[in-house]
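S.K.: dropping the sequence and predicted coords here.
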Amino acid sequence: MNTLAYEFSAGQRRVLDRYTAFLGSLVPTFNNIAVVFERCRVSGHVPAVLASDSRLNNARFNERYLQEFWEWTDEARDLCKVYVSDLTVFTHETRDISQSTSRSERLDQVDFKLYSLSGSPTWKLSPATDVRGLIHELTLRFYSLRAVIQQLKYPIAEVHDESFGLHSVFVRAMDHRICQCHAEPTIVPELFRDTRTVPVWDITYSSLNAVVRAAEYKADVARLFHGLASVSAQISVFIGETVLRIDTAINELLKAQRVSTLRELNFQLAGIKEVADEFMAMVDHLETWLRK
């Protein structure tokens with residue numbers, strides 16, 4: 001595997017963590033806008049009105065998606081380990097059977113009960129009755145693994161797609177004026193004028209001035225949205241590449257069901273095992289990167 005093409009960095013993980021925190025901060029920040037409007041009213045101005053936006057409603061759901069993404073990936077990794085182990089054992093047993101009989105032995109002459117998989121307590125369809133049935137079972141297990149890995153794309157894709165709307169909602173709110181009498185000030189510097197309404201955020205500001213801090217906050221959040229777009233795109237490509245490798249293993253297993261001898265099966269399994277090790281390493285890397 002070309003690790004340079006697929007590895008995730010600590011910096012990318014920080015982007016994901018910070019965006020998760022940002023999603024959690026949105027509702028409290030927007031709630032504080034009402035406090036800003038009330039301060040405006042008390043000071044003798046006519047407060048502005050900020051229309052509600054339903055796109056904000058999904059912030060909590062997307063926060064939860066990102067918080068739970070590691071758990072889903074960990075479950076997928078565990079399943080991947082089990083099924084790749086099934087393939088590994090089957091590959092080793094085929095080699096051992098070839099050595100104890102003959103590489104030219106026809107598959108329909110091999111006792112399928114020599115394989116550990118024949119004693120499996122669970123089957124995707126019905127219990128196998130020959131070696132080809134065992135290979136078919138491995139194929140079905142990889143099909144189910146493919147579905148589980150593919151499913152990992154959807155929460156990230158949803159968070160990414162909805163980030164554009166959230167960014168628009170955020171910018172519009174922060175740049176909204178606080179009163180109907182004047183165009184300035186806008187909401188974001190007013191949030192920073194009182195410690196009770198300062199947005200919870202993890203940067204070190206260069207000044208105590210509310211206007212400066214507001215500008216730095218907005219700029220940092222803008223960079224965060226850009227970073228999220230990059231990270232989510234790479235995750236999507238990474239999962240897609242993992243699925244492509246599982247597809248390759250499935251296609252090769254389908255071919256393996258049609259071979260005639262142990263020699264042919266050994267050759268076919270060696271290639272499948274190589275591909276399986278590769279996508280197992282990819283799933284391992286994703287889970288390790290996400291692990292808290």
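M.R.: Happy to help now that I have it.
S.K.: when you work out contacts or count neighbours from here on, use the C-alpha atoms and nothing else.
M.R.: Fine.
S.K.: what mean pLDDT does the strand or helix carrying residue 214 get?
M.R.: In this assignment (DSSP states H and E), residue 214 forms part of helix 210-256. Averaged across helix 210-256, the pLDDT comes to 96.
S.K.: and that helix, what does it pack against?
M.R.: Using 3 or more Cα pairs under 8 Å, 6 or more residues apart in numbering; DSSP states H and E as the contact criterion, the neighbours of helix 210-256 among helices and strands are helix 10-42, helix 131-151, helix 153-174, helix 187-191, helix 262-290.
S.K.: what do you get if the cut-off is 6 Å, keeping everything else the same?
M.R.: Using 3 or more Cα pairs under 6 Å, 6 or more residues apart in numbering; DSSP states H and E as the contact definition, the elements that helix 210-256 packs against are helix 187-191.
S.K.: buried stuff in the helix it packs on?
M.R.: Using 16 or more other Cα atoms under 10 Å as the burial criterion, the residues of helix 187-191 that qualify are 187-191.
S.K.: most distant residue from the centre of this protein?
M.R.: No residue in the chain sits farther from the centre than residue 44, which is 49.6 Å out by Cα atoms, centre = their mean.
S.K.: which pLDDT value belongs to that residue?
M.R.: 76.
S.K.: surely it is within a helix?
M.R.: No: following the definition DSSP: H, G, I helix; E, B strand; the rest coil, residue 44 is coil and is not counted among the residues of a helix.
S.K.: what are the phi and psi angles of it?
M.R.: Listed backbone geometry of residue 44 is phi 100, psi 10, with angles given as degrees, to the nearest 10.
S.K.: sorry, back to before: what's the angle from the helix holding residue 214 to helix 10-42?
M.R.: Orientation note: helix 210-256 sits at an angle of 140 degrees relative to helix 10-42 (axes from the mean of the first three to the mean of the last three Cα atoms, to 10 degrees).
S.K.: now helix 210-256: how far from the chain's centre is it?
M.R.: For helix 210-256, the distance between its averaged C-alpha position and the chain's averaged C-alpha position is 8 Å (Cα atoms, centre = their mean, to the nearest Å).
S.K.: what does stretch 64-72 give?
M.R.: Centroid separation for stretch 64-72 versus its chain: 8 Å, with Cα atoms, centre = their mean.
S.K.: residues in contact with it?
M.R.: With Cα atoms under 6 Å, 6 or more residues apart in numbering as the contact definition, stretch 64-72 has outside contacts at residue 290.
S.K.: list the buried residues of it.
M.R.: Of the residues in stretch 64-72, those buried under the neighbour-count criterion (16+ other Cα under 10 Å) are 65-67, 69-70, 72.
S.K.: would you turn the buried residues of helix 187-191 into JSON lines with pLDDT?
M.R.: Shown next, in JSON lines, are these (pLDDT from 0 to 100):
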{"residue": "187", "pLDDT": "94"}
{"residue": "188", "pLDDT": "95"}
{"residue": "189", "pLDDT": "95"}
{"residue": "190", "pLDDT": "94"}
{"residue": "191", "pLDDT": "96"}
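S.K.: re earlier: look up how far residue 36 lies from the residue farthest from the centre of the chain.
M.R.: Separation of residue 44 from residue 36 (Cα to Cα, to the nearest Å): 13 Å.
S.K.: and for residue 114?
M.R.: For residue 114, the distance to residue 36 under the criterion Cα to Cα works out to 75 Å.
S.K.: and these two? Which one has more around it.
M.R.: Of the pair residue 114 and residue 36, residue 36 is the one with more neighbours under other Cα atoms under 10 Å, namely 22 against 13.
S.K.: now do the same for that one: its pLDDT.
M.R.: The score at residue 36 is 92. That number is its pLDDT.
S.K.: residues touching stretch 197-212, excluding its own?
M.R.: Stretch 197-212 is touched from outside by 29, 32, 189, 191-193, 213, with contacts defined as Cα under 6 Å, 6+ apart.
S.K.: go with 10 Å
M.R.: Contacts to stretch 197-212, defined as Cα atoms under 10 Å, 6 or more residues apart in numbering, come from residues 18, 21-22, 24-26, 28-36, 185-186, 188-194, 213-217, 220-221.
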